[in-house]
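Visitor: Sharing a sequence plus its predicted fold:
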2 protein chains.
Amino acid sequence: MATHVQVDAKPDAKLEAARAQWAARFTAAGVPIADFQEVTHSISRWAEWCQAWCERAAVHEEIGREALAAGHRLSAGHHLTTAAVCYHFAKFMFVEDIKQLRAAHNKAVECRTLALPHLQPPGERIEIPFEGKALAGNLRKPPGERRPPVVVIISGMDSCKEEQHYVEQVFLERGMATFSFDGPGQGEAEYDFPVRHDYEVPAGAVFGCMQSRSDLDGDRIGILGASMGGYYAPRVAAFDKRVKACIANGGAFSVIDNFDQRPQSLKDVYVLRTHSKTVEEAREKTRPFNLEGIARKITCPIMIIAATEDRITRWQDAERLSREVSGPATFLLIEGASHVASNRTYRHRTQCADWMAEHLGVPKR
Amino acid sequence: MATHVQVDAKPDAKLEAARAQWAARFTAAGVPIADFQEVTHSISRWAEWCQAWCERAAVHEEIGREALAAGHRLSAGHHLTTAAVCYHFAKFMFVEDIKQLRAAHNKAVECRTLALPHLQPPGERIEIPFEGKALAGNLRKPPGERRPPVVVIISGMDSCKEEQHYVEQVFLERGMATFSFDGPGQGEAEYDFPVRHDYEVPAGAVFGCMQSRSDLDGDRIGILGASMGGYYAPRVAAFDKRVKACIANGGAFSVIDNFDQRPQSLKDVYVLRTHSKTVEEAREKTRPFNLEGIARKITCPIMIIAATEDRITRWQDAERLSREVSGPATFLLIEGASHVASNRTYRHRTQCADWMAEHLGVPKR
């Protein structure tokens, strides 16, 4: 394997932005900070991004596989999860080369799937039939609970289920099951399905699956979505009353009204995941991603999180949502926080889990 | 509370070194990376260090206390632990103002002690009589084990028990109890006692306490030490045969032979914790910190970890130790790693725990 070493060349603009802005998100998802620093400084061009991260991911994968071979299952689960999230970040915004993107993505799924039975608590992969294909997700259940409620974790435009391990943990530790899945335009489903505004359709398929299981309490379903997932989650809560509590972090009330301010790199992601040819086409496709007239249909308790320094989605969108819902709303505006408050996880991560536990009837821990 | 904001002034040399070198250690111990970046860039002079970190620690403390008041015990334990480690890092190298150092330290101990009963698994504070005073430590036991073995975690010159939470976790998850304590020259004991080369004396008091408990298996004691603790641990293993397995990370074979290469900031820490007046006096006091003729007395299994890029302790010291012990030695030299391999935790943290479990007779997990 080639090894990238630190280079001194001035980075291109996209790489420079990545270095400056992504450390908090990556580390919150389990990437060691030294990996972030070393990988992002081992290259000078964004074009090298995917390969450099795959090489670092492979280090963790090798450690994980060795642990597995030695019978050190907990360690294997840990390192393979780190590998998966590194492979995920290799591809998450790397829209320039679909072949590389897909190879990295396959490895992310492979490593996380390999990790699942060895996690504490373990997980299982589920494939839910959907429009002639399937949606894949990972179910994990808290130990010692007979029929726990389940929190469905909804990703965004550039996240997917392999990024959610540490989000899952806080819910699991508090007695809730978690189901992180890839919906249309996300992760494993991004090739077959573009993103869609009526996310209640795929979410409904997921809820049906959750309710069919005797080991979960299908009458206590919560949902959590961040970034674009922060739009999807309220949309789902508005149309599907199986949702008993909803958390939306960093979501837009109207996606198109936030579109133009976004960086080109993110617009390129929209092109890919809306299955468009141009940014203009992608932009136009986001028009129905709008909670106008829909927010008022939300009657379940909702927790809405916004960040004062969010440059992707204006926090005022979240504030509007909190005013327009019909049910009880908790609005948490986090000072000094960037998009989805990755740099302020201590202001919302455990708080979300405690709030959700309360609304799903789980005793305090 | 005053709030530090980012300043553009050029940092002084000590602060600049801190920014460049400490991110991996801080985050490995539980400091959010955004806190590290923001706090270290909110000041321009090292003299502001302790206060700036105390202010950030207070943010976590407040969140923790609010969680506790709301009955969210797990969250309280988490945030108070983060507060404790931020207060710890406020003081760990801040030898210039003992009043500030001590105030920060008191808060670190207060927050971690407050967190203990709410951790998963919980912990309890123990004070062990020692030379007319006491040594304080935190005992945590793995859930569901009747008489688990115990791993005694030994800190170094600038670490203490409040920094060890995430080290404790990997052993606890694998069925071992942990006891992190402050020995002479460390944490709570640094005011009454200077560091001492014959660390088997305080360690012996600890082992006696562990063996007196019916809830621990005193015949299965392991020890782990990093940095100066990487000297202490082999020293203890050489003289106290109650030690059944020993891990030494980044320790010197001969401290004085590594002394001169060390940065002035660390030499100043030696002055404080050897209770000396000058660097020369402190240096001279380290002369007996030497495993010459002692390494061969080590008969238990030992795992020795060294880092190729260690600028504090030459890795060759570890290699020499591995050659001179009389028992089975596992020598792990980590490429690209700095002192105690904080930037390569994935190369040693779970590996240490799995190795220890094997040597303390705990089934693989």
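Guide: Right, received. Where do you want to start?
Visitor: Show me which residues of the stretch 151-300 of chain A are close to chain B?
Guide: Contact residues (CB under 8 Å from any CB of the partner chain) of the stretch 151-300 of chain A with chain B: A:173, A:174. (Each C-beta comes from the backbone N, C-alpha and C, glycine too.)
Visitor: For the stretch 151-300 of chain A, which residue gets nearest to chain B?
Guide: In the stretch 151-300 of chain A, the residue that lies nearest chain B is residue A:173 (6.0 Å; CB to the nearest CB).
Visitor: looking at it, that residue is touching residue B:120, isn't it?
Guide: Yes: proximity of residue A:173 to residue B:120 meets the contact threshold set by CB atoms under 8 Å, at 6.5 Å.
Visitor: Could you name every residue contacting both of these two?
Guide: Taking CB atoms under 8 Å, 6 or more residues apart in numbering or on different chains as the contact criterion, the residues that touch both residue A:173 and residue B:120 are residue B:74.
Visitor: For the two, indicate the residue with more neighbours.
Guide: Set side by side, residue A:173 and residue B:120 give different neighbour counts by other CB atoms under 10 Å in any protein chain shown, the larger being at residue A:173 (18 against 14).
Visitor: can you pull out the helices in chain A?
Guide: For chain A, the helices identified by DSSP state H occupy A:13-21, A:23-28, A:33-41, A:49-69, A:73-91, A:98-115, A:165-173, A:200-211, A:229-239, A:256-259, A:264-273, A:279-285, A:315-324, A:349-359, in order along the chain.
Visitor: now the fourth one against helix A:73-91, angle please.
Guide: The directions of helix A:49-69 and helix A:73-91 differ by 170 degrees, with axes from the mean of the first three to the mean of the last three CA atoms, to 10 degrees as the criterion.
Visitor: Find the centremost residue of chain A, please.
Guide: Among the residues of chain A, residue A:155 comes closest to the average C-alpha position under CA atoms, centre = their mean, at 3.3 Å.
Visitor: Please name the nearest non-neighbouring residue to it.
Guide: Of all residues beyond its chain neighbours, the one nearest residue A:155 is residue A:186 (4.9 Å), with distances taken as CB to CB, 6 or more residues apart in numbering or on different chains.
Visitor: What about residue A:299, how many residues nearby?
Guide: A total of 14 residues lie near residue A:299 under the criterion other CB under 10 Å.
Visitor: Please disregard the earlier target; I meant residue A:287.
Guide: Here the number of neighbours of residue A:287 (other CB under 10 Å) works out to 13.
Visitor: Identify the residues contacting it.
Guide: Shown in contact with residue A:287 (CB under 8 Å, 6+ apart): residue A:256.
Visitor: mind pulling up the phi and psi values for it?
Guide: Recorded main-chain torsions at residue A:287 are phi -50, psi -40, according to degrees, to the nearest 10.
Visitor: can you pull the pLDDT of it?
Guide: Note for residue A:287: predicted pLDDT of 98.
Visitor: Let me know the pLDDT of residue A:9.
Guide: 73.
Visitor: Same question for residue A:92.
Guide: The score at residue A:92 is 97. That number is its pLDDT.
Visitor: Now for residue A:360: which residues touch it?
Guide: Taking CB under 8 Å, 6+ apart as the definition of contact, the neighbours of residue A:360 are A:149, A:151, A:176, A:220, A:222, A:244, A:245.
Visitor: swap in residue A:180?
Guide: Listed by CB under 8 Å, 6+ apart, the contact partners of residue A:180 are A:137, A:138, A:153, A:155, A:161, A:164, A:167, A:168.
Visitor: For it, give the beta-bridge partners.
Guide: The residues listed as beta-bridge partners of residue A:180 by DSSP bridges are residue A:138, residue A:153.
Visitor: Point out where the stretch 151-300 of chain A drops to low pLDDT.
Guide: Scanning the stretch 151-300 of chain A for pLDDT under 70 picks out nothing.
Visitor: neighbours around the residue nearest to residue A:324 when sequence neighbours are not counted, how many?
Guide: Leaving aside its chain neighbours, residue A:324 sits nearest to residue A:295 (3.8 Å; criterion: CB to CB, 6+ apart). Close neighbours of residue A:295, defined as other CB under 10 Å, add up to 22.
Visitor: Got the domain ranges for chain A?
Guide: For chain A, whose domains are defined here by automatic domain parsing, the residue ranges read A:1-120, A:122-365.
Visitor: wait, the residue nearest to the centre of chain A sits on residue A:187?
Guide: Yes: between residue A:155 and residue A:187 a contact is recorded at 6.8 Å, counting by CB under 8 Å.
Visitor: what sits in contact with each of these two?
Guide: Among the neighbours of residue A:155, those also in contact with residue A:187 (CB under 8 Å, 6+ apart) are residue A:161.
Visitor: And the pLDDT for residue A:3?
Guide: The predicted local confidence for residue A:3 is 45.
Visitor: if I look at residue A:352, how far off is chain B?
Guide: Counting by CB to the nearest CB, to the nearest Å, the gap between residue A:352 and chain B amounts to 10 Å.
Visitor: The closest residue to that residue other than its chain neighbours: neighbouring residues, count only.
Guide: By the measure of CB to CB, 6+ apart, the closest residue to residue A:352 outside its immediate chain neighbours is residue A:247, 5.2 Å from it. With neighbours defined by other CB under 10 Å, the count for residue A:247 comes to 31.
Visitor: hey, what's residue A:247 bridged with?
Guide: Under DSSP bridges, the beta-bridge partners of residue A:247 are residue A:224, residue A:303.
Visitor: Pretty sure it sits against residue A:229.
Guide: No: because the distance of 9.6 Å does not satisfy CB under 8 Å, residue A:247 is recorded as not touching residue A:229.
Visitor: Please indicate which of the contacts of residue A:180 has the highest neighbour count?
Guide: The residue in these with the most neighbours, by other CB under 10 Å, is residue A:161 (29 neighbours).
Visitor: contacting residues around it?
Guide: Counting by CB under 8 Å, 6+ apart, residue A:161 makes contact with A:112, A:136, A:137, A:138, A:153, A:155, A:180, A:181, A:182, A:186, A:187.
Visitor: Kindly recompute the last result at 6 Å.
Guide: Residue A:161 makes contact with A:138, A:180, A:181, A:182, A:187 under the criterion CB atoms under 6 Å, 6 or more residues apart in numbering or on different chains.
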